[in-house]
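**Student:** no letters, just coordinates:
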């Protein structure tokens, strides 16, 4: 876990820049960068470096960086890959911040990989900040600083866009220019050798000009570092991530343990959620979320009112609320009364408020003002279709005025300040109005569904902020940890890769998880030559029907390998089953358990993710576990409140609802097990994989019981 | 089922039009219509009617329609609602086609409802075609005929748009004008009094200018008529429906029978699918589907190739293929070899083909040509980000040329003609290219996911056309029908609203469905005073454990009402259970069944939908039926091929796959039951509701058995 605190202040705010590889040749990367830095208004000093030239574009040219007499805060390197390391090493005493544009590093060949390793070594030894290699560079519109080979200068604003794809950043800039999106920083991270998403996040956290952070990621470099940083930053600034590469990862073989239930992509979703990072489903959502976030006040609640001059689009907007967190709220009685007073008779006073096709600016204005006074409403979506009699621009002006007043009649100071957004559906007739509104901080969506979806996506951030007190703390109980280690170390010392059931049971019971009763039948040969089944009266005391299982780290899928016999009804049958199993698994320990009554089976586990460490997985068990995929993920530590929320909002929520002929299950009892698993994961990093399958739960007061516990070490 | 065959030829292709309510007053509906008909190029004759004026806009004005000496093919009526019926009645001998623009009919008050009923009567008695009332009118761009109060004239093309919302049609026209969408007809159906979606469909079926039909619907007027017409039309022309009003209908109380599993909206989806109609998820999809359909050749297969000049958007495109019918196909070896020959070393030769950021028009051209020759590829998506060195317009030209050649190097005549679409991501830099491509029949999407999603949506139509032979036929077996009627009539004669289990069993066994063995225990008092349990030796022959159930039309939810006792282990217990149940349900018939082994439970039923008639519902049964909602719908008649397809592609497909420790279930056996239910539904329209719950199915060779069958009559 690299926790070096980089200071990227000079990298992203340099007073002087050297361009190594400056060029006069049109279309060359070094030429574009040179022009970008010379011509777009950057106020700092720019030094051109090119050993082959005296002068470029009328500016003096240096042979090398070391030749420059003045301080150089930042060097942008755009030369063939094989020359890069030499230049960096040579300048390492003079310059501490680099942007390496050049490709030809780890992204290409073995040779490139070695080159990057060497560059990393140089960077480390000389304490250099390096963005890239293989990146587009970065752009800070406020400083008119375009340190990239994409031409142009976006408008200065509050959105920072961090992209693992330079091309996407370019496309975004072009789209942004047309649609009025404004940036504080655009950063292309390239190969993320030294500066990955976490390092940029730490910089953006303190950047006063950044209010919203958008990231396009294909991978995440240091999972735990990212998680820790993002969790902190996301409390202050919304982070919206578009994570590509879902599909490949989704193709995983199916097997029966919880590990296989966790596609990497689902784990990334769980991690992002834990951190309070908003994940965009696709590029369109990403774009919309960044733009709406830029125009959003704090959302004080989930209730939305929709006003429209057309019934059809009103119904479509209503449809879009299906299964969303935000709600198409009931309007207050007073609100309805006031609306009724002035709206035409055929208007709908329900939400959506249909003001009819002949609604002009006055009707929009008055309706908005009335809803503005309704304290129960938190956001307003204004829908408009440009009919012949619709004064689109005038209506837009009224909406702008209304929003400027805080989305309420009494001004922005009162508590009911509302977010206002629009869905003007059309082409040329709405174009001007949309632009004007955008310039005034009101974002327009082309379609109703986008508006509802995007607002809902952003509302998740408000929920996260409210939830922050619910995050569990990573408290370690040293005594328990020591005892657990002892159990695990004993097994390791015996050369085993899994715990015996008796050990697993001791382990989980230390964490307060009730495991099934059992009797061990030792391997006669190896462990306890005198142990005979009949002498072991305890096994009979458990009663019948009983279950016989093999208990060995070599048999992990008992059903497949015939390592389990169910429903044994008598002493005689048990003896027979034991004899047979001794043949199948000579030398293995066996376990007898009473056959438990099955009502609902859960499956729980801890997966050790290579990127993010321990991840809790839990879901519905039974024969169709993988069919239904009723699975949820949690990133430990897990607080009780968080566990309860996961259970109540997740796929298993049906268990905790009373339905026809079906009592609710005990929420707290199951939540506590999740909390316990969080502690277990935190205190025992040496566990490779942990599974309870099944955990039997009951809604009749019977206590939860872990029937089988598998601990791989 | 109204099967009157309307001739709408004169309505939509009139040689002469009278405008009743023509007006000179700016902004008035009658004024807009008048200007639309006089000024936009309509070649037919136009007569203005307004009793208060001599002249309007320099044209002669008639007092009434009857005053007009010449023939009038169509009258457009835009006068206050209360005057409409009088005008129509008065002109009914002279004019047979009307567009009633006026609002104030069934959509408003009781009075309006009566007015509409009267209008319908007048129309019927005089055999009039009436579009509306309460509609926007219609527009036929080819004829420069704008018979609506929306101003403007869209470009003439091949898309017909039928809208239940006039405002949406207006918004669409505006959007269309900006984005180059072209129409053959725009029809606002308003209250759909005489001309609903089915009637318009019948007209569009024969309209040679219509190649694609888009419909915005809030309701469907005559379900069976629509279903029949749409099924026929959809074989020739794609019908794309945006059906609003999902949400309201989705809020239904939960109960345990199959009826409650069918939200109306899901039934509409099933009906549309049966008819081969494509349902758009939302307005954005609707717009994209219509536009892409307009530019699409027949899709000969599911395989798609993606070419891109940027890796990131390539990955995002790949993600979009997740769980789609269309596939990101493997490129042929020969294709890869040829690509390798000329593409730079760092390019990706896999699909998506990444031609790198410096790709110019030659690289796009050559790559497209090579893929064009790959017979395994059916569609190509060209992704582009406008980097500084990207000649966007030139690349667009190459794509246009390539598509014009049939999307293949050897011209459109060969079998591998491909569909080509683009995703140029950006703003101003791509604007011109997008317009140019659009004019040449290549549709551009702003985001990769939209392209993949829309192509996939349209591919469903190709699958439907291939499937047409699989549709079941509505064959009635008269003998069986008669026998079934007899059973039902007997029960009805006894005043019952449900069949006894013995009757239900007889009924389903006539259709080849195996039902569980049983013994009836008659009500001693009413039916068979001498019948005693112990005398009925058959009940013991069934063996133990057994189940005792009450068999009465007054107890439909047996579990709730304690009308069922499970797991009865002995004769003595049975006697006790019978005695208790007799107390709980005095006078009711009881049924004893052997306790069946449960492996997997299905639930099947026939729901009688008020709009579409019989709908088959089937899904996974058991305690969590409503939680998992593993439910599918089928519209009878159902062929075996169709039933198998539904089972294999639907939510229960996991049953027919061999998985770890899990044999596959018998597909044909279960499919045959669905076919049988289709016949049962078709032959017994007097059944109100039909349920088999549970149907026990096995993967070990044991035959399927219907344990409980509920038939409400």
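**Tutor:** Looks like it came in fine. If you're wondering where the values come from, they're calculated on a predicted model, not measured in any experiment.

**Student:** which stretches of chain A have low pLDDT?
**Tutor:** For chain A, the stretches flagged by pLDDT under 70 are A:1-5, A:247-263, A:407-416, A:468-474, A:523-541, A:556-561, A:660-661.

**Student:** which single helix of it contains the most residues?
**Tutor:** Criterion DSSP state H: the longest helix present in chain A is helix A:448-467.

**Student:** phi, psi for residue A:67 please.
**Tutor:** With angles defined as degrees, to the nearest 10, residue A:67 sits at phi -70, psi -20.

**Student:** over to residue A:153?
**Tutor:** The phi/psi pair for residue A:153 (degrees, to the nearest 10) reads phi -140, psi 110.

**Student:** tell me how far it lies from residue B:82.
**Tutor:** Residue A:153 is 63 Å from residue B:82, where distance means Cβ to Cβ, to the nearest Å. For every residue, glycine as well, the C-beta is placed using N, CA and C.

**Student:** how is chain A carved up into domains?
**Tutor:** For chain A, automatic domain parsing gives the domain ranges A:9-292, A:299-467, A:471-516+A:598-713, A:517-595.

**Student:** that older thread, so between residue A:153 and residue B:82, which is more surrounded?
**Tutor:** Legend: neighbour count by other Cβ atoms under 10 Å in any protein chain shown for residue A:153 and residue B:82, higher for residue A:153 (20 against 12).

**Student:** OK, contacts around the more buried one?
**Tutor:** A:40-41, A:139, A:141, A:144, A:146 (Cβ atoms under 8 Å, 6 or more residues apart in numbering or on different chains).

**Student:** likewise residue A:129?
**Tutor:** By Cβ under 8 Å, 6+ apart, residue A:129 lies in contact with A:6-8, A:10-11, A:96-98, A:123, A:194-195.

**Student:** just the buried ones from those, in ChimeraX syntax?
**Tutor:** Buried residues within these, by 16 or more other Cβ atoms under 10 Å in any protein chain shown, are selected in ChimeraX with:
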select /A:6,8,10,11,96,97,98,123,194,195
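
**Student:** turn the contacts of residue A:129 into CSV, including distance to chain B and secondary structure.
**Tutor:** Shown next, in CSV, are the contacts of residue A:129 (distance: Cβ to the nearest Cβ, whole Å; DSSP: H, G, I helix; E, B strand; the rest coil):
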residue, distance to chain B, secondary structure
A:6, 25, coil
A:7, 29, coil
A:8, 23, coil
A:10, 27, helix
A:11, 23, helix
A:96, 29, coil
A:97, 24, strand
A:98, 22, strand
A:123, 24, helix
A:194, 21, coil
A:195, 18, coil
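
**Student:** re the thing from before, gap between the following helix or strand past the longest helix of chain A and the chain center?
**Tutor:** With elements assigned by DSSP states H and E, the helix or strand that comes after helix A:448-467 is helix A:478-493. Offset of helix A:478-493 from its chain centre (Cα atoms, centre = their mean, to the nearest Å): 34 Å.

**Student:** which positions within the next helix or strand after helix A:478-493 qualify as buried?
**Tutor:** Following helix A:478-493 in sequence order, the next helix or strand is helix A:501-510 (DSSP H and E). With burial defined by 16+ other Cβ under 10 Å, the residues of helix A:501-510 counted as buried are A:501-508, A:510.

**Student:** what angle do helix A:478-493 and helix A:501-510 make with each other?
**Tutor:** 170 degrees (axes from the mean of the first three to the mean of the last three Cα atoms, to 10 degrees).

**Student:** in stretch A:31-46, what's buried?
**Tutor:** Neighbour-count burial for stretch A:31-46 [16+ other Cβ under 10 Å]: A:31-38, A:40, A:42, A:45-46.

**Student:** how far does that stretch sit from its chain's centre?
**Tutor:** Relative to the centre of its chain, stretch A:31-46 is centred 37 Å away, using Cα atoms, centre = their mean.

**Student:** do that stretch and chain B meet?
**Tutor:** Yes - shown here: stretch A:31-46 in contact with chain B (Cβ under 8 Å from any Cβ of the partner chain) through residue A:32.

**Student:** measure that stretch end to end?
**Tutor:** Across stretch A:31-46, the terminal residues are separated by 13 Å (Cα to Cα, to the nearest Å).

**Student:** same check, this time on stretch A:697-706
**Tutor:** OK, stretch A:697-706 end separation, Cα to Cα: 9 Å.

**Student:** fine by me, we can end here.
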